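*Asks:* generate a structure from the sequence data that follows.
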Amino acid sequence: MRLTIIDWLIIAAYFVFNIGIGFYYKARAGKSTSEFFLSGRNVPWWLAGTSMVATTFAADTPLVVTGFVARNGIAGNWLWWCFVASGMLTVFFYARLWRRAGVMTDVEFAEIRYAGKPAAFLRGFRALYLGILINCIILGWVNLAMVKILQLIFGIGKFEALVIVLGMIALTSAISTLSGLWGVLVTDVFQFVVKMSMVIILAVFAVRAVGGMEAMKTKLIAGGRRDVLSFIPDMNSAWMPMITFLVYISLNWWATWYPGAEPGGGGYVAQRMFSAKDERHSLLATLWFNIAHYAIRPWPWILVAMASLILYPGLADPETGYIRVMIDHLPPALRGLMVAAFAAAYMSTIATQLNWGASYLVNDFWRRFVRRDAEEGYYVTASKIATVFLTVISAIVTFNMDSIGGAWKLLIVTGAGTGAVLLLRWYWWRINAWSEVSAMICAFVVSLGLQLGFGLDTDQPKQFAAIMIITVATTTVVWLATTYLTQPEPQETLTNFYRRTRPSRTGWAPIAALAPDVKVSTSGLSNLLDWIAGCVLIYGVLFGTGKLLLHETGLGLILLALGLAGGFVIYRDLSRRGWATVVE
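*Replies:* The predicted structure follows:
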């Protein structure tokens, strides 16, 4: 792609603006670890929620969606659309609880919910496992995707692209180190506006390149790809047989732990909830995130993917179709902005992963187990060192990603079966630290055993479904048995947790009797109604917008009306409860 002087000036201006934000928030981030990692717990909902959306919009996301559409049509996106129910569960049942917990990381939660050495082990192990191993694999994956993008855009080799990516990592690390979470949040909003605007513009030019929407539909049907236009997967298809679809919509969304969409919230999503001003802002932040993540963002990507099937049929790597549309059909005046948009997508994810990972290493390992009594300035410095450390490790992982790619595939299913513990630990007093430990170990052993010992392959839909069903069932039996065979947590720990987070009285009856003065939630049925309405809202807007874009106006308006009705139910219920606090 040829870039003019104007394009290069636009790209340079983008980087200068990001650096300026880093310096602007430097003084505030240096005050304490709470400022560095949680922005002083004073973030408004729209900023926290938009930051979540920006983080999940990585440089490789449009390419992955293009691959889904190329192989399995629009319905291929059910591989991630099925997690709507999990996101809405976090909004209405967990966002406020996380904010009340008052912890700095979700890993720290272990030592307010549990007690003793098992709790300490759980906290320390998860801090290192998630903060270094999982986090750096994610960073390496995103880095490698950016390498592919740069190779296509500039026509350079892998080594040259890696050098550019390492420079971007260093710059992003410098901004995160300077400004802490405040800098990450503000740059996320700026980056989200840039990249979302440009993917919409690219979608307009892509559709125009194939002759318009009606022409695109006609050409896809004439080319034997009518299936591309379907929103619902064919249950007899090889990629999504009935058993696999049922696993996705009924099991996968709540039973599996995986980075970025943990059951009940976790990771950087939980970090944004902790940083919110109060419980109301925590709830609204996660609600806005889920609406934007599922209902607003996908269609520009999908339209470009559909156009790429017509413009570049038979690509060996269909994911590159997205970049090829950008190179061949975007006007010269907009190319610099598009490159800046990809840089924004990349940097927003990297910045969050570095800050979030450093919070685990400093707050949940170094401060907890190595140096417990130092001044705040010491931990702020340690946080900056941890950010640089993760930057170096992620660069090494990127260079070796070809050998680690298989390990990432294994990691996705090793959390199967742990979701129930993560959800119920808030609502059932009897769960203890050994419940979580046994679930983690069992899920890891069973899922790996099925793959390595019995040869089941996660790339095969029916075998993936079998791995999920067997692992979840086995893990559930094991952690339930462990829970009843071990002693409950000390009464004092449980009472303190109950007073601190005020969960539903239903699953905490023995503890609630010890703390009758605690006002807890009595709106479980209302939360359930809001959860259902939230799913209707997102799916209605998602599919309604799609139908309107594809010129199926009648059905599109009906679906949009259904989605808006779901939104009205939520608004009316939360207004009835009181928008000042929304604590019930």
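
*Asks:* what segments of the stretch 451-584 of the chain are helices?
*Replies:* Here the stretch 451-584 of the chain has its helices, by DSSP state H, counting those that start in this stretch, at 461-485, 491-501, 509-512, 524-549, 553-577.

*Asks:* wait, the stretch 51-200 of the chain
*Replies:* Under DSSP H, counting those that start in this stretch, the stretch 51-200 of the chain gives helices at 61-72, 78-81, 84-89, 95-101, 110-113, 116-128, 135-154, 158-209.

*Asks:* for the ones you listed, which one sits closest to residue 376?
*Replies:* helix 158-209 (12.5 Å; Cβ to Cβ). Quick note: C-beta positions are derived from backbone N, CA and C, even for glycine.

*Asks:* what's the average pLDDT for that closest one?
*Replies:* Helix 158-209 shows a mean pLDDT of 87.

*Asks:* after that helix, next one along is what?
*Replies:* Next along the chain after helix 158-209, taking DSSP states H and E as the criterion, comes helix 213-222.

*Asks:* neighbouring contacts of that following helix?
*Replies:* If you take Cβ atoms under 8 Å, 6 or more residues apart in numbering as the criterion, helix 213-222 is touched by 207, 210-211, 226, 228-229, 306-307, 309-310, 549-551.

*Asks:* so for that helix, mean pLDDT?
*Replies:* Averaged over helix 213-222, pLDDT sits at 94.

*Asks:* now the angle between helix 158-209 and that helix, please.
*Replies:* 110 degrees (axes from the mean of the first three to the mean of the last three Cα atoms, to 10 degrees).

*Asks:* quick one: helix 213-222 to helix 524-549, angle?
*Replies:* Using the same axes, to 10 degrees: helix 213-222 against helix 524-549 is 90 degrees.

*Asks:* next one: helix 213-222 to chain centre, how far?
*Replies:* 33 Å (Cα atoms, centre = their mean, to the nearest Å).

*Asks:* so where's the stretch 251-400 of the chain shaky on pLDDT?
*Replies:* Applying pLDDT under 70 to the stretch 251-400 of the chain flags the ranges 258-260.

*Asks:* could you do the stretch 451-584 of the chain as well?
*Replies:* Residues of the stretch 451-584 of the chain that meet the cut-off, pLDDT under 70, sit at 522, 579-584.

*Asks:* ok, now which ones touch the closest residue to residue 195 other than its chain neighbours?
*Replies:* Taking Cβ to Cβ, 6 or more residues apart in numbering, and ignoring the residues beside it in sequence, residue 195 has residue 341 as its nearest neighbour in space, at 4.1 Å. Residue 341 is in contact with 194, 195, 197, 198, 199, counting by Cβ under 8 Å, 6+ apart.

*Asks:* now the angle from the helix or strand harbouring residue 341 to helix 116-128?
*Replies:* Assigned by DSSP H and E, residue 341 belongs to helix 332-359. Note on geometry: by the same axes, to 10 degrees, helix 332-359 and helix 116-128 are set 160 degrees apart in direction.

*Asks:* which element is the closest residue in space to residue 78 that isn't next to it in sequence on?
*Replies:* Spatial nearest neighbour of residue 78, excluding adjacent residues (Cβ to Cβ, 6+ apart): residue 233 at 5.8 Å. Using DSSP H and E, residue 233 sits in no helix or strand.
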